[in-house]
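Colleague: Here you go, sequence then predicted model.
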Amino acid sequence: MRIAQIKLRVITMALKSPFYTHLGTVTEREGIIVEVIDSNGVSGYGEGVAFSTPWYTEETVETSLHIMGDVLIPLLKNQPINHPEDAAILFQSVRRNHMAKAGLEMAIWDLYAKQSSKSLAAVIGGTREKIASGVVVASDSLKSCLNQIEKYLEEGYQRYKIKINPNQDYSLLAEIRRRYPELPLMADANSAYTLRDIDRLKALDDFNLLMIEQPLASDDIIEHALLQKEITTPICLDESIVSFNDAKNAIELGSCKIINIKAGRVGGLYEAKRIHNFCLSRGIEVWCGGMIEFGISRAHNIALASLPGFTIPGDISASKRFWEEDIITPEVSVKNGFVGVPDTPGIGFSINEKRLKETTRIEKVFKF
Ligand code: OSB
Ligand code: MG
């Protein structure tokens, strides 16, 4: 696959409403749109999902731009590749920087699928025509949390993920459960607890949660294993799993019963598929996490979640969950609780060029 040119665009968009977590509030999203163009003028798209600041992982938009432009793109220039997996393997010579790698690697997957006239889902081994859609509620009060749940129920979402911390966990979840005894409900703590909070965490077993996501430290797998022995709610790991080896070790230790796979966090679709395949062989359920991303990354998530091991609804919500107008067309939409998996070539969505242009702040072109 002959790459002729790569374009990196930094875009900025305001969220429709603030996204509150105990680590900080996201009101505006900055991201990197990666376009890899071949010698016939066909474009593949990916998205660098690092945030402006290192609150979720160590990478930022600025470090991703540097690693893509000064390290990874030069590797691609020096080494012709035949398949997206060649890019993933080529990038293994660079430590970490998973979101930078994933942005480029996933654009190459989209390009490869388009060159093969196949959908991205088909190219990576997807088996579903539609995927169950879940949504994240990240609000700063009980009232707005309940309002959001009500609105998303009308829109048909099949799973509700609530951001929790030790200041609101029990009272918030108790009120949700009182109103909605059967709601498919889970909680994401983003490392808001330590083992000293074990009694608080045990108390959450009252709510029949599908899982609790990343209760303890973002780099821990030992204490999560100790915690899992003490609570009945299944633990799901997010931040702790940044590679195939992390997933293998966590499963070996019993640190989790479920894994949230985000292609950006683990370095791309090649690594995401390896983790998925391993989990499938071990009977560990997986689901696809979100990054408050734009439509290109959401489109990749849809393809990833079409793999057979993705048995739990992910954070795959409609474009309108976060954006007034997305950068893809058609926008991602949820019908009867499902998102359709496109069967057209590549990610199966086109670029909304007008929207991309008006949100672009920086554009860098790399000619091969
Ligand atoms: O912890 O899963 C998380 C968003 C940004 C960073 C981390 C997380 C999230 C979400 C997903 O909760 C939000 C979404 O994209 O739907
Ligand atoms: Mg999470």
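Modeller: Right, received. Where do you want to start? Numbers count the residues shown, from 1 in each chain. Ligands and ions are numbered 1, 2, ... in the order given.
Colleague: ok, the one residue in the chain that gets nearest to ligand 2 to Pro313 distance?
Modeller: Residue nearest to ligand 2 within the chain: Asp238 (3.6 Å; Cβ to the ion). Placement of C-beta: from N, CA and C, glycine included. Taking Cβ to Cβ, to the nearest Å as the measure, Asp238 and Pro313 are separated by 15 Å.
Colleague: quick one, helices of the stretch 151-300 of the chain?
Modeller: 169-179, 198-203, 222-230, 244-253, 263-266, 269-282, 295-304 (DSSP state H, counting those that start in this stretch).
Colleague: closest to Ala107 out of these?
Modeller: helix 295-304 (8.5 Å; Cβ to Cβ).
Colleague: Quick check: closest non-adjacent residue to the residue in the chain that ligand 1 sits nearest to.
Modeller: The chain approaches ligand 1 most closely through Gly290 (2.3 Å), counting by Cβ to the nearest ligand atom. Using Cβ to Cβ, 6 or more residues apart in numbering and skipping residues adjacent in sequence, the residue nearest Gly290 is Asp315, 3.1 Å away.
Colleague: Contacts only, for the one you found.
Modeller: Listed by Cβ atoms under 8 Å, 6 or more residues apart in numbering, the contact partners of Asp315 are 134-136, 161, 288-290.
Colleague: Likewise for Thr63?
Modeller: 50, 97, 100.
Colleague: that older thread, neighbour count: Asp238 and Pro313, which is higher?
Modeller: Pro313 (25 against 21; other Cβ atoms under 10 Å).
Colleague: was I right about the more buried one contacting Ala132?
Modeller: Yes: using Cβ atoms under 8 Å, Pro313 is in contact with Ala132, at 3.9 Å.
Colleague: interface residues of this protein facing ligand 1?
Modeller: 56, 136, 188, 190, 238, 289-292, 315, 317 (Cβ under 6 Å from any ligand atom).
Colleague: Now render those residues as CSV, adding pLDDT.
Modeller: Output for those, formatted as CSV (pLDDT from 0 to 100):
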residue, pLDDT
Tyr56, 96
Val136, 98
Asp188, 98
Asn190, 98
Asp238, 98
Gly289, 98
Gly290, 98
Met291, 98
Ile292, 98
Asp315, 97
Ser317, 98
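Colleague: Output the residues you listed as a markdown table; include the columns distance to Gly125.
Modeller: Converted to a markdown table, the residues of the chain next to ligand 1 look like this (distance: Cβ to Cβ, whole Å):
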| residue | distance to Gly125 |
| --- | --- |
| Tyr56 | 28 |
| Val136 | 27 |
| Asp188 | 28 |
| Asn190 | 31 |
| Asp238 | 23 |
| Gly289 | 20 |
| Gly290 | 22 |
| Met291 | 23 |
| Ile292 | 27 |
| Asp315 | 22 |
| Ser317 | 24 |
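Colleague: Looking at those, which is nearest Asp246?
Modeller: Nearest member of those to Asp246, counting by Cβ to Cβ, is Asp238, at 11.1 Å.
Colleague: Test my guess that the closest one contacts Lys262.
Modeller: Yes: under the criterion of Cβ under 8 Å, Asp238 makes contact with Lys262 at 7.3 Å.
Colleague: Could you pull out the residues contacting both of the two?
Modeller: Counting by Cβ under 8 Å, 6+ apart, the residues touching both Asp238 and Lys262 are Gly289.
Colleague: In three-state terms, label the closest residue to Phe91 other than its chain neighbours for me.
Modeller: With sequence-adjacent residues excluded and distances taken as Cβ to Cβ, 6+ apart, Phe91 is closest to Lys101, at 4.5 Å. Look at Lys101: counting by DSSP: H, G, I helix; E, B strand; the rest coil, its state is helix.
Colleague: Find the centremost residue of the chain, please.
Modeller: Centroid-nearest residue in the chain: Gly290, 3.3 Å away (criterion: Cα atoms, centre = their mean).
Colleague: Name all residues that make contact with it.
Modeller: 136, 262, 298, 301, 314-317.
Colleague: Which parts of the stretch 1-150 of the chain are strands?
Modeller: 3-21, 24-38, 43-48, 130-132, 134-137 (DSSP state E, counting those that start in this stretch).
Colleague: Out of the ones you listed, which is the most enclosed?
Modeller: When the strands of the stretch 1-150 of the chain are scored by mean count of other Cβ atoms under 10 Å, the highest mean neighbour count falls to strand 43-48 (a mean of 26).
Colleague: Restrict stretch 356-368 to CA atoms and write it as CSV.
Modeller: This file holds the C-alpha atoms of stretch 356-368, laid out as CSV (Å, rounded to 0.1, in the frame of the first residue of the first chain):
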residue,chain,number,x,y,z
LEU,A,356,-13.9,19.5,9.5
LYS,A,357,-12.7,22.8,8.0
GLU,A,358,-14.4,25.0,10.5
THR,A,359,-13.1,23.1,13.5
THR,A,360,-9.5,22.8,12.2
ARG,A,361,-7.0,24.8,14.2
ILE,A,362,-3.6,23.4,12.9
GLU,A,363,-2.9,21.5,9.7
LYS,A,364,0.4,19.7,9.0
VAL,A,365,1.1,17.9,5.7
PHE,A,366,3.8,15.2,5.3
LYS,A,367,4.7,14.3,1.7
PHE,A,368,6.2,10.8,1.1
